[in-house]
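K.L.:
return atomic coordinates for the entry below.
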Amino acid sequence: MRTLHVGLRVTDPQRSLAFYRGLGYVVVGTVAETRFGRLTMLRLPDDDFVSLELVHDPRHGQADPGGFNHLVIQVDSMHQTVAALAMHGVPVDGPHSPDGSPDFLTALVTDPDGYRIELVQWPGGHPAGMTAADFAT
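P.N.:
So this is what the prediction gives:
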C-alpha cells in the first residue's frame, strides 16, 4: 500500500492553480464533473504520479482548511525555491534550520485558501523522505 495523493478543496481554481504552479506543480489532467466537483490533478516535475488534487465545487462556498494542519514538499534547493516563490509574489516564512545546520532547511508558505505548506530541504545524504532513522534516539 501507499498514499496516492491529497485532495484540497479550493475556492478559486485559477488562483490556486497559479499558486501551485508557482511552487513547481504540473497539471496532469482534469475531471470536469464529479460528485465532489471539478478535479485538477497535479504532480511535481520529478514525480511520475499525481500527488495533489485540487477540488472545486462552487456549491460549497469558501474552502475551509479546518482540521488540516499542513502539507510537506521536499525541495532540492531552498534558496532557489524561495527566490522563485518571491518572483510569483508568494511570501515565505523562513527558511530556518531545525537543527542549526546549513543544509537542513524548512520554510512555510500559505496557499490562497489558507492551507499551510512546509518546504523541506534535506541535509546531504538524507533519504528522499522521513524514515525510522529520523526518530532514533
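
K.L.:
so where's the chain uncertain?
P.N.:
Along the chain, the model assigns pLDDT under 70 to residues 1, 137.

K.L.:
now the strands for it?
P.N.:
6-9, 26-34, 37-43, 52-56, 71-74, 93-96, 105-110, 116-121 (DSSP state E).

K.L.:
mind giving me the packing neighbours of the fourth one?
P.N.:
Which is strand 52-56. Using 3 or more CB pairs under 8 Å, 6 or more residues apart in numbering; DSSP states H and E, the elements in contact with strand 52-56 are strand 6-9, helix 13-23, strand 37-43. All C-beta atoms are positioned from the backbone trio N, CA, C, and that covers glycine.

K.L.:
save those as TSV, and put in mean neighbour count and distance to residue 54 too.
P.N.:
Listed next are the helices and strands packed on strand 52-56 as TSV, based on neighbours: other CB atoms under 10 Å; distance: least, CB to CB, whole Å:
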stretch	mean neighbour count	distance to residue 54
strand 6-9	16	6
helix 13-23	18	5
strand 37-43	19	4
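
K.L.:
rewinding a little: please identify the most buried of the strands of the chain.
P.N.:
strand 52-56 (a mean of 21; mean count of other CB atoms under 10 Å).

K.L.:
picking up where we left off before, quick one, which of the strands of the chain is nearest to residue 62?
P.N.:
strand 6-9 (9.2 Å; CB to CB).
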